[in-house]
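*Asks:* What follows is a predicted protein model with its sequence.
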Amino acid sequence: MKDTYRTIASTPVETLFKEKGSKFFGYAFPVLKEEEVKHYLTNLRKQHPTAGHFCYAWQLGTEPFHYRASDDGEPSNSAGMPIYGQLLAFEVTNVLVVSVRYFGGTKLGVGGLIQAYKHSAKITLEETTIVECTIDVHFQLNFGYDLMNKVMRMVKEKNIKIISQELGINCTYCIAVRKKEAESVFQHFDSLHKMNIVKQKTS
């Protein structure tokens, strides 16, 4: 069972590719939801107020993948899809790549645009740091203090991440478990007397 995915680190990336006078500034950002895409695009439009096109592609999630590609006024499928093709080539998700074009006076033609945007995205992703992350399943545990030792023993054995904890009259833990371990961890906690475990929805 595959329970990992590739994405990029949060280090800001900017590249520049020139073709027949046109300049293509490339950017890559790690994103977790579509609202973040809008934020980065808004900032880039402020950063490049005289640019002609802000073409981009993003991919989110793992099962299934969600993606969008935008030509932003360029001929259909000449910009967004070539950029998206590089996301597929680098096998990354939760990533936004934007290529900002300043027109240089010479038309590149559809074929030239496809190659230019593809190359802009390629060199931008080459400058990123690609990292591998686990696909996690989140659970909420509700239990009494008498189960604390058993819970912490399981946390240590399975390398479970504790996302948050509340210690009041009883204990409430939110945990993240690697997908391939999720079923066995659920069964273990569910078998404990007076333990309540609930799978949480994750975005």
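*Replies:* In hand now; what should we look at?
*Asks:* Please name the residues that touch the nearest residue to Tyr56 once chain neighbours are set aside.
*Replies:* Of all residues beyond its chain neighbours, the one nearest Tyr56 is Val98 (4.2 Å), with distances taken as C-beta to C-beta, 6 or more residues apart in numbering. In this view, the C-beta of every residue, glycine as well, is placed from N, C-alpha and C. Under the criterion of C-beta atoms under 8 Å, 6 or more residues apart in numbering, the contact list for Val98 reads 26-29, 40-41, 44, 54-56.
*Asks:* and those residues, which of them are in strands?
*Replies:* Counting by DSSP state E, the part of those found in strands is 26-29, 54-56.
*Asks:* Buried ones among the residues you listed?
*Replies:* 26-29, 54-56 (16 or more other C-beta atoms under 10 Å).
*Asks:* The closest residue to Phe143 other than its chain neighbours: how many residues sit nearby?
*Replies:* The spatially closest residue to Phe143, leaving aside those adjacent along the chain, is Met195, at 4.9 Å (C-beta to C-beta, 6+ apart). By other C-beta atoms under 10 Å, 16 other residues sit near Met195.
*Asks:* With Leu44 as the reference, measure out to Met195.
*Replies:* Between Met195 and Leu44 the computed distance is 49 Å (C-beta to C-beta, to the nearest Å).
*Asks:* Spit out the contact partners of the closest residue to Cys55 other than its chain neighbours.
*Replies:* On the basis of C-beta to C-beta, 6+ apart, the spatially nearest residue to Cys55 that is not a chain neighbour turns out to be Ala79, at 3.6 Å. Ala79 makes contacts with 53, 55, 69-72, 99, 113-114, 117, as judged by C-beta under 8 Å, 6+ apart.
*Asks:* Neighbour-wise, give me the winner out of those.
*Replies:* Counting neighbours by other C-beta under 10 Å, the top entry in the contacts of Ala79 is Tyr117, with 33 neighbours.
*Asks:* if we can go back for a sec, what are the bridge partners for the residue nearest to Tyr56, then?
*Replies:* Using DSSP bridges, the beta-bridge partners of Val98 come out as Tyr27, Tyr56.
*Asks:* So which residues of this structure form helices?
*Replies:* With DSSP state H applied, the chain shows helices at 34-47, 80-89, 109-126, 148-157, 179-190, listed in chain order.
*Asks:* Can you point out the buried residues in the longest one?
*Replies:* Think helix 109-126. Using 16+ other C-beta under 10 Å as the test for burial, helix 109-126 gives 113-114, 116-125.
*Asks:* Show me how far it is from its chain's centre.
*Replies:* Distance, stretch centre to chain centre, for helix 109-126: 21 Å (C-alpha atoms, centre = their mean, to the nearest Å).
*Asks:* And for the second one?
*Replies:* Going by C-alpha atoms, centre = their mean, the spacing between the C-alpha centre of helix 80-89 and its chain's C-alpha centre is 15 Å.
*Asks:* From here on, call the first residue 16.
*Replies:* Fine by me, first position is 16 from now on; the one you just mentioned is helix 95-104.
*Asks:* Alpha carbons only: can I get it in PDB?
*Replies:* Backbone C-alpha positions of helix 95-104 (Å, rounded to 0.1, in the frame of the first residue of the first chain) are rendered in PDB as follows:
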ATOM      1  CA  GLY A  95      -1.300  25.800 -18.200                       C
ATOM      2  CA  MET A  96      -1.100  22.200 -19.500                       C
ATOM      3  CA  PRO A  97       2.600  22.300 -20.300                       C
ATOM      4  CA  ILE A  98       3.200  23.600 -16.700                       C
ATOM      5  CA  TYR A  99       0.900  20.900 -15.300                       C
ATOM      6  CA  GLY A 100       2.800  18.300 -17.300                       C
ATOM      7  CA  GLN A 101       5.900  19.200 -15.400                       C
ATOM      8  CA  LEU A 102       4.100  18.600 -12.100                       C
ATOM      9  CA  LEU A 103       3.300  15.100 -13.400                       C
ATOM     10  CA  ALA A 104       6.900  14.600 -14.600                       C
END
